[in-house]
Structures are given as structure tokens and as C-alpha cells.
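Enquirer: Starting from these lines, generate the structure:
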Amino acid sequence: MKKLAIAVAVALASVSAHAQDWFQFEVGVGVGLANDMGDGTWIQDGSPDNREKLTFPVITAGITGELYQRGSVDVRYHADYAYLGEQRASVMGVPDDQYNGQTHSITGYQGERFSPFNGHGHVQGIPVTLDVGYTLYGWRMGVEAGVWAYWQTWHESLYNLADQWQDLSHKTTVQFGYVIGASVSRGPLSLSYRYYNVRQLWNPNPGLVTGANVVTLTYRF
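Expert: Residues are numbered from 1 along each chain as shown. Next comes the predicted model:
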């Protein structure tokens, strides 16, 4: 009877250890830098009071686990929620036909007043990636790639030359892009870089972000 109890305990411990390999929670915090649409979309480098805030905080949470392991090589999955916090842009701008984004200058200006553009927003989504790693002296180096479903929010207002407020906001809808990255980890901690692809839809107006570079410190448990 005692031998049976020991055998059952060993089996349960083995199952528990295996479960910890393929299913763990992970949470992360970090910082990011967004790529914008370029001069002429929500910003005008050659116009007065042109301002942009492209850095933002990052929060991630999800699950991960080991799908394959042989020697020093392993493959893991990651399925997370990622919040890429607020970006901002504002400018005292001119109409599109009076601005040249290639030369970053105002053209054909007739002395009309400048019009204030103000916008802010964020991106959030669900990335799913495969992560191939190699462990050396307890340090794991990994590269990952996958896809993500994301939603971009962008609120834009303009006080136009007719002295009326216009809502030029982007209509938020689900979109799909790719994610690539690399990481270094030891034990439950990892430091990673990811690039999040963001494509713009003019529906009828675009958002600001066309991609995001993110560095995150993540803990698995």
C-alpha cells in the first residue's frame, strides 16, 4: 500500500511538473516608441507649435508554455494581451493643399489663420507568437514571430477655417498584423524586444501609428 501511495505521488508530481512546462501565466511591463504616418498626416513639421509624443508605457498579460524541448533547444508559445499606451500629436496647421510634406514647408499661404489640430490615442491587441530558444549556461536566447489582432483608437479634432469644430477621428476596427522579436531570459524573468506591425485604414481618417518598437520585462509564474 505504501509503495502504491508513493507511486501515485510521483506520478502526480510528474504531471504537475509537465503542466508547468506547457502552461504558465506571464505579465510584463515596458516602454515603446511608435512610428508615425510621416509629415503631413496629423503633424506638419513646418507649421507652428508642431508637437508629437510617440513614446508610451506598455502592459502585457497572458499565457505561455513549452511545446518542444530537446537538449538546449526549445520552442514556446505566447498568447497575450498587449496595451500600447497613449500617443499624442498637435499642430497649428494649414490645409493639405498649402503644405508640402516632402520639403516640410508651407506653400501658397494666403494669410489665413492657422487651424489647431489635436489628437490622441492608443493601440491594443492580442499577439500570438512562437518562440524558438537556445539555452547556454542558464541563459536562454530566443527569437519569435507571429500575428496579432489589434484595435487602434485615435481621436482627432480640428477648429477649421469656417470657425467650426470637426471630428476627424479614426473609426476603430479589428485589424491584423505581424509581430517579430527577440529575448534573453533566465529563470522566470525575460527581457524582450518586439516590433508590432500596424497598418492604417482610412475609414474615413487614419490613426497616427504605423508600427511600434517595444521593450518589455516579463515574469512567468
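
Enquirer: What is the one helix or strand G65 maps to packed up against?
Expert: Element membership of G65, judged by DSSP states H and E, is strand 55-70. With contacts taken as 3 or more CB pairs under 8 Å, 6 or more residues apart in numbering; DSSP states H and E, strand 55-70 sits against helix 2-22, strand 24-35, strand 73-93, strand 115-136, strand 211-220. Every residue, glycine included, has its C-beta placed from N, CA and C.

Enquirer: Let me have those in CSV, extended by mean neighbour count.
Expert: Formatted as CSV, these follow (neighbours: other CB atoms under 10 Å):
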stretch, mean neighbour count
helix 2-22, 10
strand 24-35, 17
strand 73-93, 19
strand 115-136, 18
strand 211-220, 18
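
Enquirer: Quick one, which of those gets closest to Q102.
Expert: Q102 lies closest to strand 73-93 among those, at 16.4 Å (CB to CB).

Enquirer: which residues touch the residue lying closest to P204 once chain neighbours are set aside?
Expert: Distances taken as CB to CB, 6 or more residues apart in numbering place K171 nearest to P204, at 7.6 Å, with adjacent residues excluded. For K171, the contact set (CB atoms under 8 Å, 6 or more residues apart in numbering) comprises 201, 203-205.

Enquirer: again, but for T55
Expert: For T55, the contacting residues are 31-34, by CB under 8 Å, 6+ apart.

Enquirer: P188 now?
Expert: Applying CB under 8 Å, 6+ apart to P188 gives the contacts 219-221.

Enquirer: what's the closest of those residues to E112?
Expert: Out of the contacts of P188, the member with the shortest distance to E112 (by CB to CB) is Y219, at 54.5 Å.

Enquirer: ok, back up a step: let me know the closest of the contacts of K171 to A212.
Expert: Distance to A212, by CB to CB, is smallest for L201 among the contacts of K171, at 16.5 Å.

Enquirer: burial of that closest one, as a residue count?
Expert: 14 (other CB atoms under 10 Å).

Enquirer: Then W165?
Expert: Residues near W165, counting by other CB under 10 Å, number 9.

Enquirer: same deal with V58?
Expert: When neighbours are counted by other CB under 10 Å, V58 comes out with 20.

Enquirer: so it touches G32, yeah?
Expert: Yes - shown here, V58 and G32 form a contact pair, counting by CB atoms under 8 Å, at 5.0 Å.

Enquirer: list the residues that contact both of those two?
Expert: 84-85, 214.

Enquirer: possible to save these as CSV with distance to Y109?
Expert: Formatted as CSV, those follow (distance: CB to CB, whole Å):
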residue, distance to Y109
L84, 36
G85, 36
V214, 39
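
Enquirer: Same list (the helices and strands packed on strand 55-70) but as JSON lines, adding distance to H104 and mean pLDDT.
Expert: Formatted as JSON lines, these follow (distance: least, CB to CB, whole Å; pLDDT from 0 to 100):
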{"stretch": "helix 2-22", "distance to H104": "52", "mean pLDDT": "46"}
{"stretch": "strand 24-35", "distance to H104": "17", "mean pLDDT": "98"}
{"stretch": "strand 73-93", "distance to H104": "12", "mean pLDDT": "98"}
{"stretch": "strand 115-136", "distance to H104": "16", "mean pLDDT": "98"}
{"stretch": "strand 211-220", "distance to H104": "21", "mean pLDDT": "98"}
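
Enquirer: Quick one, which of these gets closest to D167.
Expert: Between the helices and strands packed on strand 55-70, strand 115-136 lies closest to D167; by CB to CB that is 10.8 Å.
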